[in-house]
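Trainee: next input, structure requested:
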Amino acid sequence: MSKKYGHFIKTLRTGRGFPQSFMAEKLSISRPSYIAIEQGKKELTLSTFEKLSDVLGISFEELESGEIPNYTKYRQMILAFLRHEEKIPKTKLAKLLYFADFSWYYYHLKSMSGMQYRKIHFGPVTDAYFRVIDEMYDGGEIDIIHTDDGAMLITPTRSGAKATLSEINKEEGELIGKIGKKWKGKKTADIVEFTHTQFPYLYARENEIVSYGLFTQENPDEIY
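Mentor: Residues are numbered from 1 along each chain as shown. This is a model prediction of the structure:
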């Protein structure tokens, strides 16, 4: 793999608070070898990347995109949607986040969080979504309610409800509000079916990254 990914990897590592020694141990290489990867002096092999992907929670496609995801902002987007609907099914919440990122791209040619989305059976979702939900639960920002029918409802804790959403600007917050208002109280099946009719989902193969660029071809009345 190309040496061009060093800065990207370093940014992700520091963003997650991991020291270089920790990364070297997880990748089963020496610390000097890891430092050489970040400096672009050492080739990143496929086997090393597979380990790196597990540690940092990134996909090859995210690495290729060169756009560094803003995980802090992504977490705040989750909390923002929960302020419009206090209990949201886990799958539905993933689709609301997709709408926010792709709708923002529709108007500004860049996503809100910088995340890449993959086509799965229940619609587009980021590779990091399930990990982020687990981390927010462990960190006391959200609770997860298991219903009798097997659904999982995401709800904010008291601290999550009071958290400052400093990464989300006014215009982004307004878009999140419009999306949340439209889909408030709607069934998960309805939002999943809606995403299945959109170009990014239709033209991607199963488990492939869906295209932001294709989204610009959508009817403006049907972007969310």
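Trainee: so where's the longest helix in the protein?
Mentor: helix 90-108 (DSSP state H).
Trainee: show me which positions of that helix end up buried.
Mentor: For helix 90-108, burial by neighbour count (16 or more other C-beta atoms under 10 Å) applies to 90-106. From N, CA and C alone the C-beta is placed, and that goes for glycine too.
Trainee: next one: stretch 215-222
Mentor: Judged by neighbour count using 16+ other C-beta under 10 Å, the buried positions of stretch 215-222 are 215, 218.
Trainee: which residues does that stretch contact?
Mentor: Applying C-beta atoms under 8 Å, 6 or more residues apart in numbering, the external contacts of stretch 215-222 come out as 102, 105-106, 109, 197-200, 223.
Trainee: tabulate those (JSON lines), appending pLDDT and distance to Tyr71.
Mentor: Shown next, in JSON lines, are the contacts of stretch 215-222 (pLDDT from 0 to 100; distance: C-beta to C-beta, whole Å):
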{"residue": "Phe102", "pLDDT": "97", "distance to Tyr71": "18"}
{"residue": "Tyr105", "pLDDT": "95", "distance to Tyr71": "18"}
{"residue": "Tyr106", "pLDDT": "96", "distance to Tyr71": "23"}
{"residue": "Leu109", "pLDDT": "92", "distance to Tyr71": "22"}
{"residue": "Thr197", "pLDDT": "94", "distance to Tyr71": "29"}
{"residue": "Gln198", "pLDDT": "95", "distance to Tyr71": "25"}
{"residue": "Phe199", "pLDDT": "93", "distance to Tyr71": "27"}
{"residue": "Pro200", "pLDDT": "92", "distance to Tyr71": "22"}
{"residue": "Ile223", "pLDDT": "95", "distance to Tyr71": "24"}
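Trainee: closest to Ser159 out of those residues?
Mentor: Nearest to Ser159, judged by C-beta to C-beta, of the contacts of stretch 215-222 is Phe102 at 29.4 Å.
Trainee: got any ranges where this structure has weak pLDDT?
Mentor: 1-4, 57, 59-67 (pLDDT under 70).
Trainee: could you pull out the helices for it?
Mentor: Going by DSSP H, the chain shows helices at 6-15, 20-27, 31-38, 46-56, 60-65, 71-82, 90-108, 129-138, 158-162, 170-183, 188-196, 199-202, 212-215.
Trainee: which two in the contacts of stretch 215-222 are spaced the farthest apart?
Mentor: Pairwise distances across the contacts of stretch 215-222 (C-beta to C-beta) peak at 22.5 Å, for the pair Leu109 and Thr197.
Trainee: ok, the contacts of stretch 215-222 vs Leu79, which is closest?
Mentor: Phe102 (19.6 Å).
Trainee: who are the contact partners of that closest one?
Mentor: 111, 117, 124, 200, 212, 215, 223-224.
Trainee: for the residues you listed, give me TSV that also has distance to Ala151.
Mentor: As requested, the contacts of Phe102 are exported to TSV (distance: C-beta to C-beta, whole Å):
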residue	distance to Ala151
Ser111	28
Tyr117	22
Pro124	20
Pro200	26
Tyr212	29
Phe215	28
Ile223	27
Tyr224	22
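Trainee: most neighbours of all the residues you listed, which one?
Mentor: Tyr117 (26 neighbours; other C-beta atoms under 10 Å).
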